[in-house]
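S.K.: Test case, fold it:
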Amino acid sequence: MMCTAKKCGIRFQPPAIILIYENEIKGKIRQRIMPVRNFSKFSDCTRAAEQLKNNPRHKSYLEQVSLKQLEKLFNFLRGHLWGQSLAETMEQIRRETTIDPEEDLNKLDDKELAKRKSIMDELFEKNQKKKDDPNFVYDIEIEFPQDELQSCGWDTESADEF
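M.R.: Numbers count the residues shown, from 1 in each chain. Model prediction:
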């Protein structure tokens, strides 16, 4: 079935993912309600999103919905089950999906480090200028003013040694 996803949201009671899509053959806008079963406040949102996306009943409808978006919806559901308000859950998701430049990544465990790296990769892909972009310029040369540059002690000492 050919369908184009328009909106994706969540219903808290009873828990369900709601997809509004357009049937390309008939041109009609339809709504699909996908119930969320066996999900508790201790459940893994990534795993739940993968299971829903790979479910044979929903797979063709969720092709255009990203796994990150489904994971975010499950995070909202988990926050609701913990009794958090929508604003608190949004703030928690924002903290989890942004990189703090002052954070020491050496102190993170492997799972958290992989999560931070995927966020950085996603941000890099989003900000990367490609050849097809209208304001792409090949081989940019920039002159930096010499008076603004500050000398570091380590680079002047090492130059004398060699």
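S.K.: Tell me, how many residues neighbour residue 49?
M.R.: Using other C-beta atoms under 10 Å, residue 49 has 23 other residues around it. Just so you know, the C-beta spots here come from the backbone N, C-alpha and C atoms, and that holds for glycine as well.
S.K.: With residue 97 instead?
M.R.: 16.
S.K.: which secondary structure element contains the closest residue to it other than its chain neighbours?
M.R.: Leaving aside its chain neighbours, residue 97 sits nearest to residue 119 (6.2 Å; criterion: C-beta to C-beta, 6 or more residues apart in numbering). Assessed by DSSP states H and E, residue 119 sits inside helix 110-127.
S.K.: What residues of that helix count as buried?
M.R.: residue 116 (16 or more other C-beta atoms under 10 Å).
S.K.: and it, how far out from the chain's middle?
M.R.: 9 Å (C-alpha atoms, centre = their mean, to the nearest Å).
S.K.: Next: stretch 123-134.
M.R.: Relative to the chain's own centre, stretch 123-134 is displaced by 17 Å; criterion: C-alpha atoms, centre = their mean.
S.K.: in this protein, which segments are predicted with low confidence?
M.R.: Counting by pLDDT under 70, the chain shows low-confidence ranges at 1, 148-162.
S.K.: Can you pull up the most central residue in the chain?
M.R.: Geometric centre of the chain, nearest residue: residue 68, 5.0 Å, by C-alpha atoms, centre = their mean.
S.K.: I'd like to know how far that residue sits from residue 18.
M.R.: As for residue 68, its distance to residue 18 is 18 Å (criterion: C-beta to C-beta, to the nearest Å).
S.K.: show me what contacts the residue nearest to the centre of the chain?
M.R.: By C-beta atoms under 8 Å, 6 or more residues apart in numbering, the residues touching residue 68 are residue 122.
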